[in-house]
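In: what shape does this take:
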Amino acid sequence: MSKIPHGRADLSAGIPARDTATDEYGRPYAAGFRPAVLEWDGWTCLDCNACNSGSACADCQACTDFAAPYPPHWARPWVEGEPERGVEAFGGPGGMSAGRGLVDGAGDWVLIESNRDAAATARAAGHWVVEADIRTLDPRHPVLRSVHRFHGSPPCQTLSSAGKRAGWDAEEIGELQSILWQASEAFGFLEVDDLCSLYGGPHSYFGDVLDGMEDHPDADGWGEFCGGGHLPPCMTPAEFREWAASSVSDERTALMAEMLIWPMCLVRIGAPLRSITMEQSANLLRQTPALAEAIQAELTSAEGLGWTWCSWQIEDAADYDAATHRERAWMVATRYEHPRYADHVDGEAAAREMWAHILKQTGCLPEWAPELSRRIEPYQGRPALPTVTVAAALNLPSDWWADTRGKRGVNPRTGKPMGGGSFPLNTVGQCVTAPWYGIRFRPADVPQGEGTVKISLPELGMLVGFRRDYPWTYIPTRKGAAGIRNIAQMEADAVSPFMGAAISAAVQGEDWYQPTSDYQRALYGLGTPNLEPGPHRAAIQPPHTGARPLEQLEFAGPRAAGAVVAAVKEQAHTQQMLFSW
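Out: As a prediction, the model looks like this:
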């Protein structure tokens, strides 16, 4: 057989020989598919005259334009010994990154975030941020071929118990699950045993000559494209996103698909991806386990990525040093070996505990659910780190109380304030929510609702696990706006750095135990006596409320609208690159 089937274009034109159109076993892809962006001609920083003369990629216009919206130095292929490159989807204000920094300060990560205040905050914290709707980005960008790690924290509003629970709809979840099951076929991971006929060749599944193909020049031989291989991708990322969104009433639920779109596209273009981690509402496992099952199946099955490990579990940040509870579902997947802290448990018992509420109602476990026999156990038998109360974290008297609402009436039957919203400070706090910016602290003998000591936004972030001087940033939408509610919402939505450290350490960097213990001690001042409130409390840097100089590319919606400014000494307007298979 001829190498290019009759009537098909030679898609290899302009692409270097190092990007061969074969799978990991050396078998060709069907229909002439090349695992790279077709508009790319193979150029990298290695071909750059400016860089070869000694210029840094950040000072090179060609590299900056080519890598956009990612760091200019990503135009240079990664080499052994350099920090591993990673992409964090839905990066928020940088909670996962802050935790990751405790155990792997040498990582080279890019955060993708659409909320401008969260993006500005993460940028002010020192992270490279692509400010964009993730659905406007193509994970097949050439510079992403060197990405080793991927993390995602998709929006959880449709799954949260506090929201409208659009993501709990059984019919919608079933449809989205079926779509996620098709990701491996959509992005070119479906293996077949008969590529020959797809190329117009003469042989059948069993190698026999097909009727009417007896006169084919290769009828009596075995050509290069005979035998098995992978079918080519049949959908672009944009098409798969549109398909997923069509199955749900709230498009935020469909963003779960990004947890398969990005890893599969990265692997398909040749990225040495080694791990995938994910954080989501605990209700993803408790109420919609079918979505978790679909992701796990596509990552570990032979018909999908075929990775070695994929575990799901619910963890509380308070168990890993935070002063407030924050239960979240976590996924850890690794490509080649088991992650650090890998543990095996009784999957049946874990399932009965996880879905006890479903078992009680229906008498049976969910029809579709991820396997829970694998989990990450960061402690590995070591003593639990100190439990931190709100009083200890904020250096307030332990017999004080917090009121999350104003003064309320008293229930005559119980003698307690009606409506809840008050809690003692000598305990680990409830999960921080945005309305907590209005908290008032008071001694126990002061009536509920009459406290005068307020919580500050930096203190609110500290309860979640952020350092006191974390650069919370708000870009005013109108003159005089302080953005107090906006910043409080960021703090309520963020990944706790304490959990970020434990999960990141499972797949990269050093062990989490000692760095996190040191961070906890410094953050909460453990071992020091509580001080009286007022002037004795440490001065706290106020959050940023003005526009900051932009240091990286920013995207507004689907259009490129930013520029490289402080990092490169002159502005360079760029346009978002559009790709297709």
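
In: what ranges does the stretch 251-400 of the chain have for its helices?
Out: Under the criterion DSSP state H, counting those that start in this stretch, the stretch 251-400 of the chain contains helices at 251-254, 258-268, 283-286, 289-300, 347-354, 356-362, 390-394.

In: could you dump these into CSV with distance to Cys57, mean neighbour count and mean pLDDT added?
Out: Backbone N, C-alpha and C define where each C-beta goes, glycine included. Below are those laid out as CSV (distance: least, CB to CB, whole Å; neighbours: other CB atoms under 10 Å; pLDDT from 0 to 100):
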stretch, distance to Cys57, mean neighbour count, mean pLDDT
helix 251-254, 35, 21, 86
helix 258-268, 21, 25, 95
helix 283-286, 39, 24, 92
helix 289-300, 33, 23, 95
helix 347-354, 47, 15, 95
helix 356-362, 53, 12, 92
helix 390-394, 42, 23, 96
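
In: mind checking which of the ones you listed is nearest Cys310?
Out: Ranking these by proximity to Cys310 (CB to CB) places helix 289-300 first, at 4.8 Å.

In: could you give the angle of the closest one to helix 258-268?
Out: Interaxial angle of helix 289-300 relative to helix 258-268 (axes from the mean of the first three to the mean of the last three CA atoms, to 10 degrees): 10 degrees.

In: would you mind extracting the C-alpha trace of helix 289-300 into PDB?
Out: Taking C-alpha atoms only, helix 289-300 is exported to PDB below (Å, rounded to 0.1, in the frame of the first residue of the first chain):
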ATOM      1  CA  PRO A 289     -21.000   9.400  41.900                       C
ATOM      2  CA  ALA A 290     -21.800   8.500  38.300                       C
ATOM      3  CA  LEU A 291     -19.600  11.400  37.100                       C
ATOM      4  CA  ALA A 292     -16.700  10.300  39.300                       C
ATOM      5  CA  GLU A 293     -17.100   6.800  37.900                       C
ATOM      6  CA  ALA A 294     -17.000   8.000  34.300                       C
ATOM      7  CA  ILE A 295     -13.800  10.000  34.900                       C
ATOM      8  CA  GLN A 296     -12.200   7.100  36.700                       C
ATOM      9  CA  ALA A 297     -13.200   4.600  34.000                       C
ATOM     10  CA  GLU A 298     -11.800   6.800  31.200                       C
ATOM     11  CA  LEU A 299      -8.500   7.300  33.000                       C
ATOM     12  CA  THR A 300      -7.800   3.700  34.000                       C
END
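
In: Tyr341 is nearest to which of the helices of the stretch 251-400 of the chain?
Out: Nearest of the helices of the stretch 251-400 of the chain (CB to CB): helix 347-354, 16.3 Å.

In: so which residues make contact with the closest one?
Out: Helix 347-354 is contacted from outside by Leu285, Arg286, Pro289, Ile314, Leu359, Leu365, Ala369, Glu371, Leu372, Ser373, Arg375, using CB atoms under 8 Å, 6 or more residues apart in numbering.

In: what angle sits between that helix and helix 289-300?
Out: 150 degrees.

In: i'd like the first residue to be 17 from this point on
Out: All right, first residue 17 from here; so that's helix 363-370.

In: mean confidence for stretch 329-344?
Out: Mean per-residue pLDDT for stretch 329-344: 96.

In: ugh, wrong one, stretch 129-140
Out: pLDDT averaged over stretch 129-140 gives 95.

In: can you give me the offset of that stretch from its chain's centre?
Out: With CA atoms, centre = their mean, to the nearest Å as the basis, stretch 129-140 stands 15 Å off its chain's centre.

In: one step back: columns distance to Asp133 on top of the helices of the stretch 267-416 of the chain, output as JSON lines?
Out: Below are the helices of the stretch 267-416 of the chain laid out as JSON lines (distance: least, CB to CB, whole Å):
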{"stretch": "helix 267-270", "distance to Asp133": "18"}
{"stretch": "helix 274-284", "distance to Asp133": "21"}
{"stretch": "helix 299-302", "distance to Asp133": "25"}
{"stretch": "helix 305-316", "distance to Asp133": "28"}
{"stretch": "helix 363-370", "distance to Asp133": "35"}
{"stretch": "helix 372-378", "distance to Asp133": "36"}
{"stretch": "helix 406-410", "distance to Asp133": "24"}
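
In: any idea which of these gets closest to Ile491?
Out: Proximity to Ile491 (CB to CB) singles out helix 267-270 among the helices of the stretch 267-416 of the chain, at 22.4 Å.

In: so which elements touch the closest one?
Out: Applying 3 or more CB pairs under 8 Å, 6 or more residues apart in numbering; DSSP states H and E, we find helix 267-270 packed against helix 186-197, helix 253-261.

In: comparing those helices by mean pLDDT, which bottoms out?
Out: Among those, helix 186-197 carries the lowest mean pLDDT (a mean of 88).

In: kindly export it (C-alpha atoms) in CSV.
Out: Extracted in CSV, the C-alpha atoms of helix 186-197 (Å, rounded to 0.1, in the frame of the first residue of the first chain):
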residue,chain,number,x,y,z
ALA,A,186,-30.4,12.2,37.8
GLU,A,187,-31.4,12.4,34.2
GLU,A,188,-28.8,15.1,33.4
ILE,A,189,-26.1,13.3,35.3
GLY,A,190,-26.8,10.1,33.4
GLU,A,191,-26.6,11.9,30.0
LEU,A,192,-23.3,13.7,31.0
GLN,A,193,-21.9,10.4,32.3
SER,A,194,-22.6,8.8,28.9
ILE,A,195,-20.9,11.6,27.1
LEU,A,196,-17.8,11.4,29.4
TRP,A,197,-17.6,7.7,28.6
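
In: what residues of it count as buried?
Out: Glu188, Ile189, Gly190, Leu192, Gln193, Ile195, Leu196, Trp197 (16 or more other CB atoms under 10 Å).

In: and whichever helix or strand comes after that helix, what does it pack against?
Out: Sequence order places helix 199-202 as the next helix or strand after helix 186-197, per DSSP states H and E. In terms of contacts (3+ CB pairs under 8 Å, 6+ apart), helix 199-202 is packed against helix 253-261, helix 274-284.

In: who wins for proximity to Val448 among the ones you listed?
Out: Going by CB to CB, the one of the helices and strands packed on helix 199-202 nearest Val448 is helix 274-284, 25.0 Å.

In: neighbouring contacts of that closest one?
Out: 51, 103, 105-106, 150-151, 154-156, 160, 163, 166, 168, 170, 196, 199-200, 203-205, 249, 253, 256-257, 289, 292, 294, 311, 314-315, 321, 347.

In: tell me who's in contact with the residue nearest the centre of the chain.
Out: Centroid-nearest residue in the chain: Gly168, 0.9 Å away (criterion: CA atoms, centre = their mean). Taking CB under 8 Å, 6+ apart, we find Gly168 in contact with Glu104, Ala105, Phe106, Glu274, Met275, Trp278, Ile292, Thr293, Met294, Glu295.
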